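A.B. asks: just a sequence and a predicted model for now, questions to come.
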Amino acid sequence: MFSSKRLSLARKRRRLTAKMLAEKAGVSPVTITRLENGQNEAEPSTVERLAENLHYPVSFFYKDDPSMLSKDVVSFRSLKSMSAREREAALGAGEIGVEVYGWVRTRFNLPDLDLPDFDPELTPEAAAEALRQHWGLRYSPVSNMLKLLEAKGIRVLGLEERTAKVDAFSFWQDGDAYVFLNSFKSAERSVFDAAHELGHLVLHKHGETSGPGGDTRTAEQEANRFASSFLMPEEDVRSKMPRIITTDFIIRAKKRWRVSAMALAYRLYHLDRPLLTEWQYRSICMELGKRGYRTREFEGIDRETSVLWGKVLAELWSERKSLAHIAEQIDLPADEVEMLFSGILPRQRESLRPNGASRPKLRTVK
């Protein structure tokens with residue numbers, strides 16, 4: 001049976017209005033609207049024209065309805081700066097990502113989710129410390145945030161750089177936790193984004209991430225506080241800071257926690273007992289800005305890449321299969337599947353090929 005929701009999903013993924021799709025496919029805008037509302041029977045010839053212009057396989061439109069996401073439960077950071085088409089395209093990426101993970105789950109044994117419920121009255125800082133203790137991290141720096149999330153059963157995927165106004169987002173779906181990361185900013189920023197989205201998953205699981213009128217400021221501030229505390233535990237930070245903290249010291253010290261210089265300065269100022277006065281904090285931020293640290297990190301860290309997906313693709317390559325195989329299995333265009341790995345796989349995909357001496361440890365479901 002034709003799925004009206006899948007037509008809507010494909011159109012939004014291609015960032016087309018109903019009128020734009022109608023013009024491309026040679027049908028009326030009313031036809032598109034009625035098809036998406038389930039008011040018209042879908043003629044096979046019409047579906048073929050729509051599929052051709054959307055660059056989706058015809059079979060995609062005859063699958064069961066996808067899991068639909070609402071912007072109210074997705075942690076979009078900049079709703080006011082995003083256009084409706086950008087927001088809908090990003091939601092569509094989330095819906096497709098759920099399907100991709102659904103396929104992987106039928107083929108591989110994935111880590112179980114280990115993200116306990118905490119008292120909703122906990123402050124972001126207390127929640128970050130509680131999760132660190134639950135995961136046995138104590139006060140040591142996180143060596144690889146993406147690897148940690150995957151090991152704890154959180155489903156991580158990437159975002160294409162065309163969605164430049166979406167830094168990252170996360171959501172809960174059918175008991176699973178998802179994080180989507182965009183790689184158009186520095187590697188340090190991606191680490192903080194991952195921790196920020198973890199904060200949303202922990203702090204806002206039982207409520208919406210936006211208030212009246214789409215106001216997300218409170219939730220975003222809480223997620224930032226969580227991320228700052230999770231990545232830079234107060235005990236560790238205090239033990240490494242000298243009596244006099246300079247801009248140059250912050251630039252050197254930030255590498256320990258794999259964060260940006262600005263993020264470390266922010267943490268030092270916002271501790272319960274700040275290590276920087278307001279004047280020192282503002283002066284350091286101004287100096288960092290003059291040196292270009294607002295937009296980039298000089299001598300930065302390497303970008304984190306997915307361990308889990310590296311193993312999945314290594315297993316596929318051992319069978320002479322590629323990402324295109326995943327796309328074929330779930331009736332998706334290859335470019336949509338490739339988009340989900342933007343920024344979370346090594347630049348050279350050849351590096352994921354198994355070398356015979358090290359077989360992937362991810363177990364295939366028998």
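C.D. replies: Thanks, I have the structure now.
A.B. asks: and L157, how far from N144?
C.D. replies: 17 Å (Cβ to Cβ, to the nearest Å). Glycine gets a C-beta too; all of them are placed from N, C-alpha and C.
A.B. asks: the more surrounded of the two?
C.D. replies: Neighbours per residue, other Cβ atoms under 10 Å: of L157 and N144, the larger number sits with L157, 23 against 15.
A.B. asks: contacting residues for that one?
C.D. replies: Residues in contact with L157 (Cβ atoms under 8 Å, 6 or more residues apart in numbering) are A93, G97, V100, Y101, Y178, V179, F180, L181, L340, F341, I344.
A.B. asks: helix or strand for the first one, which one?
C.D. replies: Under the criterion of DSSP states H and E, A93 resides in helix 84-107.
A.B. asks: packing partners of the following helix or strand past that helix?
C.D. replies: Counting by DSSP H and E, the next helix or strand C-terminal to helix 84-107 is helix 124-134. The contact analysis (3 or more Cβ pairs under 8 Å, 6 or more residues apart in numbering; DSSP states H and E) places helix 124-134 against helix 187-203, helix 217-231.
A.B. asks: next structured bit after helix 124-134?
C.D. replies: helix 145-151.
A.B. asks: which positions in that following helix come out as buried?
C.D. replies: By 16 or more other Cβ atoms under 10 Å, the buried positions in helix 145-151 come out as M145, L146, K147, L148, L149, E150.
A.B. asks: quick check: buried residues in the helix holding A93?
C.D. replies: Neighbour count says helix 84-107 has 86-101, 104 buried, by 16+ other Cβ under 10 Å.
A.B. asks: pull the CA atoms of that helix into PDB?
C.D. replies: C-alpha atoms of helix 84-107 as PDB (Å, rounded to 0.1, in the frame of the first residue of the first chain):
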ATOM      1  CA  ALA A  84      10.900  25.400   8.000                       C
ATOM      2  CA  ARG A  85      12.500  23.400   5.200                       C
ATOM      3  CA  GLU A  86      15.800  23.000   7.100                       C
ATOM      4  CA  ARG A  87      14.000  21.800  10.200                       C
ATOM      5  CA  GLU A  88      11.800  19.300   8.200                       C
ATOM      6  CA  ALA A  89      14.900  18.000   6.400                       C
ATOM      7  CA  ALA A  90      16.700  17.400   9.600                       C
ATOM      8  CA  LEU A  91      13.700  15.700  11.100                       C
ATOM      9  CA  GLY A  92      13.600  13.500   8.000                       C
ATOM     10  CA  ALA A  93      17.200  12.600   8.500                       C
ATOM     11  CA  GLY A  94      16.300  11.500  12.000                       C
ATOM     12  CA  GLU A  95      13.500   9.300  10.700                       C
ATOM     13  CA  ILE A  96      15.800   7.700   8.100                       C
ATOM     14  CA  GLY A  97      18.400   7.200  10.700                       C
ATOM     15  CA  VAL A  98      16.000   5.200  12.800                       C
ATOM     16  CA  GLU A  99      15.300   2.900   9.800                       C
ATOM     17  CA  VAL A 100      19.000   2.400   9.200                       C
ATOM     18  CA  TYR A 101      19.600   1.400  12.800                       C
ATOM     19  CA  GLY A 102      16.600  -0.900  12.500                       C
ATOM     20  CA  TRP A 103      18.300  -2.700   9.700                       C
ATOM     21  CA  VAL A 104      21.600  -2.900  11.500                       C
ATOM     22  CA  ARG A 105      19.900  -4.400  14.600                       C
ATOM     23  CA  THR A 106      18.600  -7.300  12.500                       C
ATOM     24  CA  ARG A 107      22.100  -8.100  11.300                       C
END
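A.B. asks: quick check: mean pLDDT of it?
C.D. replies: Taken as a whole, helix 84-107 has a mean pLDDT of 92.
A.B. asks: for stretch 141-161, same thing?
C.D. replies: Rounded mean pLDDT across stretch 141-161 is 94.
A.B. asks: which residues sit in contact with M339?
C.D. replies: Contacts of M339 by Cβ under 8 Å, 6+ apart are A93, G158, L159, E160.
A.B. asks: turn those into CSV, including distance to F108.
C.D. replies: Output for the contacts of M339, formatted as CSV (distance: Cβ to Cβ, whole Å):
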residue, distance to F108
A93, 22
G158, 19
L159, 23
E160, 24
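A.B. asks: out of those, who has the most neighbours?
C.D. replies: Highest neighbour count within the contacts of M339: L159, with 26 neighbours (other Cβ under 10 Å).
A.B. asks: counting neighbours, what do you get for the nearest residue to it once chain neighbours are set aside?
C.D. replies: Among residues not flanking L159 along the chain, N182 sits closest, at 4.2 Å (Cβ to Cβ, 6 or more residues apart in numbering). When neighbours are defined as other Cβ under 10 Å, N182 has 23 of them.
A.B. asks: ok, Q221 - how many residues close by?
C.D. replies: Neighbour number of Q221 under other Cβ under 10 Å is 11.
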